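J.: sequence and predicted structure below; questions after.
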Amino acid sequence: MSIKFSQLSNISTSATVAINTLANKKRQAGKRVYNLSAGEPMIVTPEVIIEAGEKAMRDGQTKYPPSTGIAPLRLAASEWMNKNYYTHYDIDHTLVTCGGKFGLYLLLQALVESDTEVLIPAPYWVSYPSMVQLFGGTPITVNTSESDGWKIEVADLEKLFTPKTKILIFNNGSNPTGVLYSREELEKILTWCSKKNIIAISDEVYSGLVYDGGKYISCASFGNLSNNVIVVHSCSKNFAMTGWRVGFVFAPAEIIRVLATLQSQSITNTSSISQWAALSALQNAETIIPQIRTEMQKRRDTLVEVRQKLFGGNLPSPASALYAFWPINSFGVNDTDSVRFCEKVLKEGNVAMVPGAPFGKEGYVRISFGETKKELTEAMEALRRYL
Ligand SMILES: Cc1ncc(COP(=O)(O)O)c(C=O)c1O
């Protein structure tokens, strides 16, 4: 059969998914693969959440829920944001989606037109540019550097601004760098967005995973400066619920109505069972999030210490999220081609890491500390042995 695929199907596979697939193939072939590529906290979803999911099934919550999400979850999510991040959302500002990823997808589907330019600070989460392209827009990379702490400044945005610039995708609590912005830094960026009438899509999915007593500031907590802010959120990372697929969009009610229509014509909704489980997650957030955060901080510290012991040099600990973004030369290797390096290390050394190139930064690798301390230690030792 000869199939003519649409233009859109040319989009490349997510690099993180590609490495995972290769690692899984090796595992299936009986190889011990050391995993430093997980984009998730490798812990079991807390019991109280699982119980709520189980109960939902037994109570017959197994029919189509509304396309906006079940009302108690929308209410709980908006209240959780208001209480923890000083926002002003209510149920009409809240959409339940199939993970934060689909929330972002719906937003870009609703907002991007063929002449839209979207500013994306790099290193970025791999899916941002591809999704913008999927809807015919142009991703505009805002480069940052390790020496500047991977942070953008208004001057960088100003240089790239054109009359076609409509959106900034901003990921505070960053995948892959773990960078965390202060209130003052955010205020400057949001003031610029407000002046230029730019929509700031703020990806806050790692808001609970902030270490060393740091504070997460939501871009939606700046009064009038937040009028152009839309927040993408998720239960995946904060509650160890990646497989349950529950995320949120917080936005003005008119945007939520459009997204709900798009959702109703695509996936209809995310699983009703997962939504009832997510309600329990939010109701127990004050216990669950600190537990996951404490465990992830310990894992981060293990990764940093083991790297230092095995490879020397002093690299800063990531302030948030689940990843260290380190230069290849910090492992004593002089290779600037991150894809080649990661493929070789996986094929020959059985250690899975994600190359920096698809995150928009060559010469670096993303190493996840979502795994157990034992796995992290063994993986770094295997990497040392191989190199
Ligand atoms: C920065 C960032 N945003 C959004 C997501 C989407 O997560 P989910 O769809 O599981 O909520 C991820 C997942 O890796 C991420 O790293």
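T.: Sure, I can see it.
J.: so where's the stretch 1-150 of the chain uncertain?
T.: 14-15 (pLDDT under 70).
J.: quick one, helices of it?
T.: Along the stretch 1-150 of the chain, the stretches classed as helices by DSSP state H, counting those that start in this stretch are 15-28, 47-58, 71-85, 99-111, 127-134.
J.: is the first one anywhere near the ligand?
T.: No: using Cβ under 6 Å from any ligand atom as the criterion, no contacts between helix 15-28 and the ligand are found, and the smallest distance is 7.3 Å. C-beta here means a position set from N, CA and C on the backbone, and glycine is covered the same way.
J.: picking that back up, so for residue 376, which of the helices of the stretch 1-150 of the chain sits nearest?
T.: helix 15-28 (15.3 Å; Cβ to Cβ).
J.: interface residues of this protein facing the ligand?
T.: So far as Cβ under 6 Å from any ligand atom goes, the chain lies against the ligand at 39, 99-101, 125, 171, 175, 203, 205, 234, 236, 242, 247.
J.: now the strands for this protein?
T.: Using DSSP state E, the strands of the chain run over 34-35, 94-97, 117-122, 138-143, 165-170, 199-203, 229-234, 247-250, 323-327, 351-352, 354-355, 364-368.
J.: the fifth one vs helix 127-134, what angle?
T.: Translated: strand 165-170. If you take axes from the mean of the first three to the mean of the last three Cα atoms, to 10 degrees, strand 165-170 sits at 160 degrees to helix 127-134.
J.: what does the fourth one give?
T.: Relative orientation of strand 138-143 versus helix 127-134 (the same axes, to 10 degrees): 150 degrees.
J.: what lines up beside strand 138-143 in the sheet?
T.: Using DSSP bridges, strand 138-143 pairs in its sheet with strand 117-122 (parallel).
J.: could you do the fifth one as well?
T.: The partner list of strand 165-170 in its sheet, established with DSSP bridges, is strand 117-122 (parallel), strand 199-203 (parallel).
J.: same question, the second one
T.: Paired with strand 94-97 in the same sheet, following DSSP bridges, are strand 247-250 (antiparallel).
J.: what about stretch 94-105, distance to the chain center?
T.: Averaging C-alpha positions (Cα atoms, centre = their mean, to the nearest Å) puts stretch 94-105 12 Å from its chain's average.
J.: and what of stretch 341-348?
T.: On the basis of Cα atoms, centre = their mean, stretch 341-348 sits 25 Å off its chain's mean C-alpha point.
J.: farthest-apart pair in the residues of the chain next to the ligand, please.
T.: Among the residues of the chain next to the ligand, the pair separated by the greatest distance (Cβ to Cβ) is 171 and 242, at 17.1 Å.
J.: show me which of these two is the more surrounded one.
T.: residue 171 (23 against 19; other Cβ atoms under 10 Å).
J.: all set now, cheers.
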